[in-house]
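Visitor: kindly generate the corresponding structure for this input.
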Amino acid sequence: MAFKEFIIRSYECQSDRAQVEDLERRCKVGPSQSVLDTMGDPICRIRNSPIYMMLVAEVDNELVGVIQGSIKVVTVQSHPPKDLAKVGYVLGLRVAPHSRRQGIGSSLVQRLEEWFISNDVDYAYVATEKDNHASMSLFMEKFGYTKFRTLAVLINPVNQHSFQISSNIEIARVKIEKAESLYRRFMGSTEFFPNDIENILKNKLSLGTWVAYFKEDSGWLDIESDGKVPCSWAMLSVWNSGEIFKLRLGKAPLSCLLFTKSWSLIGKIFPCLKLPTLPNFFNPFGFYFMYGVYHEGPFSEKLVRALCQFVHNMAAKSKSENCNIIVTEVGGQDELNHHIPHWKLLSCPDLWCIKALKNERTKMFCELTNTPPRALFVDPREV
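Guide: Purely as a prediction, here's the structure:
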């Protein structure tokens, strides 16, 4: 069977938007067959990045493939100069079901990498599911990407019951300038910490930064940026992903469906238990993404949990945004896994693969991929 010729070109908003949205609806993602609703803006997931690009594949005036990429400067230890590297993120690769196995996906990745190279990018990376064998084969076997880090995507449903936060814990919102200072001071050496953190914090989608501490430490936020911090404290920021796109599950695992029905039945029989209500994931919904989660001190895990409860209560009150879940992403071995409330049934692993785009970076790349897992900053603009 002869394959039709296709062309790869840049995305054009006015002429391509409707076809790209239709392609997104037809290409369900993951085992749950999630559908992404970009609400009329196909580049919403990269629009807030410093530099971005979308490419499309076209056959006889029909769009049959799409890929997106973004570029930023991040912290990479031992990378000259000043431990900073320019990285390109690959996301949103979609090929229409009837046009697969014709080299379209490979051509889209190749063209995007060429764009990265023309912008002096040091490393390209992609996030994929461990069970996505087609994606793993394409990036690792064909394009030479290497497993870099395994992260945990932690998901907690939002329900109508508010959490009661401990009376001896203070939660305060931090001004953007103070938040930037704290992040640079305490997370500046974290892998993939974005050098333009101030742009993230100032973005309209960033709802704010909050710190938690015990009440006996009240007043510490008024000290100078390089001053003393409490023995135990925690910090996080919140990004409103539901403002730019919605998600909808095409199907759920049988175990999840049985659990949901059982949970709902128990709640109806025993209303006095005040069990958390489960959201409807089969209608379009938004979510909050918690990023820049940091904690320090012997009792800081209690403060992290209090901050997560605070964000849950905030999401529960924002009914107009239809915020059904709270999501965060941390290193697979990160101790935060044990302190951030989440449902294991909904959560999943996320595999990051990386590739050096410059030959002179080969030795440095080997060191980067062979070092033990460290804390890693997940940019909310790339969720």
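
Visitor: can you confirm N313 is in a helix?
Guide: Yes. The assignment for N313 is a helix, going by DSSP: H, G, I helix; E, B strand; the rest coil.

Visitor: quick check: it touching Q164?
Guide: No. Contact status for N313 versus Q164: not in contact, 9.4 Å apart, counting by C-beta atoms under 8 Å. Quick note: C-beta positions are derived from backbone N, CA and C, even for glycine.

Visitor: the more surrounded of the two?
Guide: For N313 and Q164, the more surrounded residue by other C-beta atoms under 10 Å is N313, and the numbers stand at 15 against 8.

Visitor: what segments of the protein are helices?
Guide: With helices called from DSSP state H, the chain shows them at 13-26, 104-118, 133-136, 176-187, 197-202, 254-269, 300-317, 362-370.

Visitor: I'd like those helices as JSON lines, with mean pLDDT and distance to V74 appended.
Guide: Converted to JSON lines, those look like this (pLDDT from 0 to 100; distance: least, C-beta to C-beta, whole Å):
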{"stretch": "helix 13-26", "mean pLDDT": "92", "distance to V74": "27"}
{"stretch": "helix 104-118", "mean pLDDT": "97", "distance to V74": "14"}
{"stretch": "helix 133-136", "mean pLDDT": "90", "distance to V74": "23"}
{"stretch": "helix 176-187", "mean pLDDT": "96", "distance to V74": "12"}
{"stretch": "helix 197-202", "mean pLDDT": "98", "distance to V74": "10"}
{"stretch": "helix 254-269", "mean pLDDT": "48", "distance to V74": "35"}
{"stretch": "helix 300-317", "mean pLDDT": "95", "distance to V74": "24"}
{"stretch": "helix 362-370", "mean pLDDT": "75", "distance to V74": "12"}
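
Visitor: for L36, which of these is the nearest?
Guide: Taking C-beta to C-beta, helix 13-26 is the member of these nearest to L36, at 5.5 Å.

Visitor: report all helices and strands that that closest one contacts.
Guide: Here helix 13-26 touches strand 35-37, strand 51-59, strand 62-75, going by 3 or more C-beta pairs under 8 Å, 6 or more residues apart in numbering; DSSP states H and E.

Visitor: returning to what we had before: just put the helices of the chain in TSV and tack on distance to S218.
Guide: Below are those laid out as TSV (distance: least, C-beta to C-beta, whole Å):
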stretch	distance to S218
helix 13-26	48
helix 104-118	48
helix 133-136	49
helix 176-187	16
helix 197-202	24
helix 254-269	39
helix 300-317	14
helix 362-370	42
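
Visitor: could you identify which of those is most buried?
Guide: helix 300-317 (a mean of 20; mean count of other C-beta atoms under 10 Å).

Visitor: output that one as CSV, nothing but the C-alphas.
Guide: What follows is helix 300-317, C-alpha atoms only, in CSV (Å, rounded to 0.1, in the frame of the first residue of the first chain):
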residue,chain,number,x,y,z
SER,A,300,7.5,20.2,58.1
GLU,A,301,5.5,17.2,56.7
LYS,A,302,2.6,18.4,58.9
LEU,A,303,2.9,21.8,57.3
VAL,A,304,2.9,20.4,53.8
ARG,A,305,-0.3,18.5,54.5
ALA,A,306,-1.9,21.6,55.9
LEU,A,307,-1.0,23.6,52.8
CYS,A,308,-2.5,20.8,50.6
GLN,A,309,-5.7,21.0,52.7
PHE,A,310,-5.8,24.7,52.3
VAL,A,311,-5.5,24.4,48.5
HIS,A,312,-8.3,21.8,48.6
ASN,A,313,-10.6,24.1,50.4
MET,A,314,-9.7,26.9,48.0
ALA,A,315,-10.6,24.6,45.0
ALA,A,316,-13.8,23.5,46.6
LYS,A,317,-15.0,27.1,46.8
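
Visitor: name the helices or strands packed onto that helix?
Guide: Under the contact definition 3+ C-beta pairs under 8 Å, 6+ apart, helix 300-317 sits against strand 169-174, strand 206-214, strand 233-240, strand 286-296, strand 323-331.

Visitor: any chance of the ones you listed in a markdown table, plus mean neighbour count, mean pLDDT and distance to R185?
Guide: Output for the helices and strands packed on helix 300-317, formatted as a markdown table (neighbours: other C-beta atoms under 10 Å; pLDDT from 0 to 100; distance: least, C-beta to C-beta, whole Å):
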| stretch | mean neighbour count | mean pLDDT | distance to R185 |
| --- | --- | --- | --- |
| strand 169-174 | 16 | 96 | 13 |
| strand 206-214 | 21 | 97 | 13 |
| strand 233-240 | 24 | 97 | 11 |
| strand 286-296 | 22 | 96 | 10 |
| strand 323-331 | 23 | 92 | 20 |
